[in-house]
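*Asks:* starting from these lines, generate the structure:
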Amino acid sequence: MRTGEPLPLPAVEQVLATLATGLWHWDTSTSLVRVDAEAARLLGLPAEETTLHESQVRARLHPVDWNEITGVVQLAVAESTLAEVRIRIMDEQGRIVRVVRSRSKPSFDPHKRAYELIGTLQEVTEPVPGTPADRRTVTGDWRRSREAFLLDAGRALAEARSTAEVLRVAAGLSMPGFSPDGLAVFGVSGDRLTIIGHHGHRPGDEGPFAQMSMNTAYPAADVARTGRAVYLPSPEEYARRYPLTWPLAQQFGRQSWAFLPLTVAGRTIGAWMAAFTYPVAFTPDERSVLTTVARMLAQALSRAGTAESERELTDGLQRSMLPSLGPEIPGMSVAARYIPTGGGLQVGGDWYDLIPLPNGRFALVIGDVQGHDVRAAGLMGQLRIALRAYASEGHRPDAVLSRASRFLHGIADDGADLRFATCLYVEVDPETGVVEAARAGHLDPVIRMPDGTVLLRDTAGGLPLGIDPDTDYPTTRLALEPGEVMMICTDGLMETGGHDLDTGWTRIRRTLERHDGDLEELADALVQAVHGPSSHHTTGPLADRREDDIAFLLLCRRGEGCGCGDSLAVRPPVRRTMLTVAQAEPERIAVARRHLRELLHDWASQDQLDSAVLLVSEMLTNVLVHTDADALLVAQVTGEGSGRRLRVEVSDTSDDLPHRRHPGELASSGRGLVLIELLADEWGVAPRGEGKSIWFELCEGEDATLYDGDGPAGPADGPPGV
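*Replies:* So this is what the prediction gives:
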């Protein structure tokens, strides 16, 4: 070769082979990996060019490293950079034979939705664990792997929610360059060393180490007592320093041990043992990794212990404050749910109760103490006990709430933090289905009829409990027909998920109308409607919809169509509603009109519906204007299909019978009976032993003349609101 002539360039393959570097090509759309002879050798295969399936390559790689490859590739594509990863090559027995470094340039095909990678494999020369060469300075590649490992370990331990999860994460940690074969976590209970959990041992192996005295000559006891780590690089070192307990450890066949303190806020709460099947020299870098993991493990165990204590406290509070539903009530079915809020101690002021009464009846109570803290839970417990005591004395619903309000006012008023509570108290006669309700600032009860019609039953009420000790709580009487379901609930059922009372009521009403299962299934469906899919029922990032406590009770009077078991009697389908309008409450005429519209929500003729609403308004107004008595409205729909019949009856205690009049053109009254005669299919007046009743009937589908004058009905009532 003459001087000045250019040197001949060797082929790329020759250069890479000289540098012990292999080439590989991976196409995820075909799941095939093509490797040259050097790459095949590094993978532990015959040194010849070949094409492999992904599964064949994956079988040669450490599982943790395979998972890391996918994440690195996605990140490299997103950032348009090279993908570099350290990979451990395994043999058929699962032993690590070498460590290689892979560098590649990945690309993503959006049409195939697949990755294509072309890269190199090069062996990373690492000393055998435990040899003198192992004490050299750590390479930059190993240091980067260590930092990545610590970041992943910290994230995984921070997300663990229980002690069992923390131990499972610790057992799955794969430390770069050296991974322990056996792990054990020790705790301290008084003067005894306990085992919280272990990995890499058979069940029962922990027996000799459990409940060990802190003064025992055992490495974990020394670490827990002194707070200083103990490193034992060889069996000889273990036997020399701890001759009494060495026979207990000898049976496991390990070669090196590290015992590190678990320290939180300067206090040692236990010890962590990492045992190795091969000798480990415990260089400064290795000790640094072990120490960092031990600190993160201690923090995770402390958080998990605190969370478990809070859950145990929550469960204890709920068990003590929320009663069981007691024995079965003849002819009735009851279901209840309490769902705590998603944060903090998961306790609050919502509660429910079922109370047997001395007169053979029973009471349903639902309530909500202001606040979502421990004080609200405490006040709730005291108030529930007080209500149960007043009810058991035989007081009427209004008297029970009056006494409870006075009681809460006395214990909840501390000047700076005045608390009140809403409550609905319902007394039920299981034989007749008569319901007497008293309400203290709470939501009204809801009735679902056997055919799915849902009515919001307006009840009279007073101020929330605890605000004014002298507040009166009027009682409203309702009737629960066979096959009907009554629901009483707290506002969390309506408002959870970003709803207000109106939109929340629409959501709950839809669920009540569509469900056709038994009472327990209906309760589950209501929770599902509010909290969404089942993943929202557990803790975690999807539990953010549990922003308020939820409590509700379902009461069904068994009958045909209720889905709660055998019917008490075979009855024709009946819809029935009843409402009292007092002389001092003329505004309840609008409530009566709304009730009738809800009862006739599927009535075929809109003209007949408007006529019925007009006549009800006229009949109730006549009672309030021309008598001194209260009016009782009873409306019911009977029959099936297009042959249904509506009967409306308004009763009062006055003996004065209505008379037909002939009002002039400018008269402001006197048209009541004229309207009834014009619009009703049938009507009549029935004297009673005390008072009278006037009634009318409409047959669905028959033509009716709608009165088009200015009557007392006023504009059509809007949709119901809670």
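
*Asks:* the helices in the stretch 401-550 of the chain, which residues?
*Replies:* 492-495, 501-514, 519-531 (DSSP state H, counting those that start in this stretch).

*Asks:* please apply the same query to the stretch 601-722 of the chain.
*Replies:* Using DSSP H, counting those that start in this stretch, helices in the stretch 601-722 of the chain cover 606-626, 672-679.

*Asks:* quick check: buried residues in the last one?
*Replies:* Neighbour counts using 16 or more other Cβ atoms under 10 Å place Gly672, Leu673, Leu675, Ile676, Leu679 of helix 672-679 among the buried residues. In short, each C-beta sits where N, CA and C put it, glycine included.

*Asks:* looking at the protein, which helix or strand does the model trust least?
*Replies:* helix 12-18 (a mean of 65; mean pLDDT, DSSP states H and E).

*Asks:* contacts for the helix or strand following that one, please.
*Replies:* Going down the chain from helix 12-18, the next helix or strand is strand 21-27, by DSSP states H and E. Contacts of strand 21-27 with the rest of the structure, by Cβ atoms under 8 Å, 6 or more residues apart in numbering, involve 13, 16, 32-42, 54, 104, 114-122.

*Asks:* try it again with 7 Å
*Replies:* 16, 33-36, 38-39, 42, 114, 116-122 (Cβ atoms under 7 Å, 6 or more residues apart in numbering).

*Asks:* report the buried members of these.
*Replies:* Buried members of the contacts of strand 21-27, counted by 16+ other Cβ under 10 Å: 16, 33, 35-36, 38-39, 42, 116-117, 119-122.

*Asks:* got TSV for those, with secondary structure and distance to Val185 too?
*Replies:* Formatted as TSV, the buried ones among the contacts of strand 21-27 follow (DSSP: H, G, I helix; E, B strand; the rest coil; distance: Cβ to Cβ, whole Å):
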residue	secondary structure	distance to Val185
Leu16	helix	47
Val33	strand	40
Val35	strand	42
Asp36	coil	46
Glu38	helix	44
Ala39	helix	41
Leu42	helix	38
Glu116	strand	45
Leu117	strand	40
Gly119	strand	40
Thr120	strand	41
Leu121	strand	38
Gln122	strand	38
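
*Asks:* distance to His531 for those residues - can I get that in TSV?
*Replies:* TSV is the format used below for these (distance: Cβ to Cβ, whole Å):
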residue	distance to His531
Leu16	59
Val33	46
Val35	51
Asp36	56
Glu38	57
Ala39	52
Leu42	53
Glu116	44
Leu117	43
Gly119	47
Thr120	52
Leu121	50
Gln122	53
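
*Asks:* Val650: which of those residues is nearest?
*Replies:* Nearest to Val650 among the buried ones among the contacts of strand 21-27, counting by Cβ to Cβ, is Glu116 at 82.1 Å.

*Asks:* returning to what we had before: deepest of the helices of the stretch 401-550 of the chain, which one?
*Replies:* Ranked by mean neighbour count, the helices of the stretch 401-550 of the chain are led by helix 492-495 with a mean of 23 (mean count of other Cβ atoms under 10 Å).

*Asks:* show me what that helix is packed up against.
*Replies:* helix 501-514, strand 550-557 (3 or more Cβ pairs under 7 Å, 6 or more residues apart in numbering; DSSP states H and E).

*Asks:* so what's the gap between that helix and the chain middle?
*Replies:* Relative to its chain's centre, helix 492-495 lies at 14 Å (Cα atoms, centre = their mean, to the nearest Å).

*Asks:* and the helix or strand containing Glu308, what does it pack onto?
*Replies:* Element membership for Glu308, per DSSP H and E: helix 284-321. Under the contact criterion of 3+ Cβ pairs under 7 Å, 6+ apart, helix 284-321 touches helix 140-159, helix 163-171, strand 256-264, strand 267-276, helix 374-392.
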